[in-house]
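No letters, just coordinates:
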């Protein structure tokens, strides 16, 4: 590994830590830090430990999961426009979650419904895409696009039929919302587990990026590796959607930004993309809850508004 790339990875780590610190410090209510250090301000301690810190860690974990999923999808599908939702995963999660919200459910029931819908969508795409008992990049992409279009129609129908009292909450979930995020044990555990699963295969992924024929000739177990990493990418995206709803552009943009800083060595790119995605979403969520405080913006709308010009800028440069 090049020393410059390792230095860039360290800088990304510091940026990610700074983004979480900024999210904890900033808010509509000023904290008395001297009283916090003396442990004499119960209100500030509650705001810090029960509201800001869990939300900041949730934003970082969800952004990191989306970016990691996007990086895996882009190399496995060999498509620079692949993102975590390319297999219709977000649509399945959204339909299940919006259905639960329309019925008056909340909290863990909505999260469980979203996770179930996301996993069902992945299963559906892989089942439909399996033609002659094998998968191809084109078949998976086309099947994912068609399934996503079907989920989109179902989402529109649910929003039309939803009662007015629940419509706002459904729209916020659909556009991405970290306002109800608790402590992100599941998201953080999934992030650590998927990185631990994928990083040992980093060298094989570098070979796989050159094509299946080259990888097979060099002894890489292509079929086993693709199944393993499709599972990892789908699991990351499913947990991210379950935690925060559908948030666009982070999973598409963060891997490209990390690639510009670190190169295309997957042993560095995967953790670098996770750090970049976590920092991006943490900063976006901080802006979403402070720009018009005490009111809040849906973070998914903000990431889309910032992601479009930033992605066009990156395309213009390289």
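It's in. Note that the coordinates shown come from a computational prediction; the quantities given were computed from them, not determined experimentally.

Next SSE downstream of the helix or strand hosting residue 190?
Assigned by DSSP states H and E, residue 190 falls within helix 185-198. Next along the chain after helix 185-198, taking DSSP H and E as the criterion, comes helix 202-208.

What lies in contact with that next one?
Helix 202-208 has contacts (Cβ atoms under 8 Å, 6 or more residues apart in numbering) with 75-76, 198, 214-215, 218, 220-222, 225-226, 229, 264-267, 270. In this view, the C-beta of every residue, glycine as well, is placed from N, C-alpha and C.

repeat for stretch 155-172
Stretch 155-172 has contacts (Cβ under 8 Å, 6+ apart) with 91, 94, 95, 98, 99, 101, 102, 104, 174, 179, 245, 298.

so how far is the helix holding residue 190 off the chain centroid?
12 Å (Cα atoms, centre = their mean, to the nearest Å).

Residue 223 in helix, strand or coil?
The assignment at residue 223 comes out as helix when based on DSSP: H, G, I helix; E, B strand; the rest coil.

Quick one: mean pLDDT for the helix holding residue 190?
Helix 185-198 carries an average pLDDT of 92.

Then stretch 206-216?
Stretch 206-216 shows a mean pLDDT of 81.

Tell me which residue is most central in this structure.
residue 66 (2.1 Å; Cα atoms, centre = their mean).

That one: helix or strand, and which one exactly?
Residue 66 belongs to helix 53-76 when elements are defined using DSSP H and E.

Show me what secondary structure element comes after that helix.
With DSSP H and E setting the assignment, the helix or strand that follows helix 53-76 is helix 89-102.

Buried residues of the helix or strand where residue 168 lies, list them for me.
Following DSSP H and E, one finds residue 168 within helix 164-175. Going by neighbour count (16 or more other Cβ atoms under 10 Å), the buried part of helix 164-175 is 169, 170, 171, 172, 173, 174, 175.

now that helix: how far from the chain's centre is it?
20 Å.

and the next element down the chain from the least confident helix or strand in the chain by mean pLDDT?
When the helices and strands of the chain are scored by mean pLDDT, DSSP states H and E, helix 33-38 comes last with a mean of 64. Sequence-wise, the next helix or strand downstream of helix 33-38 (DSSP H and E) is helix 42-46.
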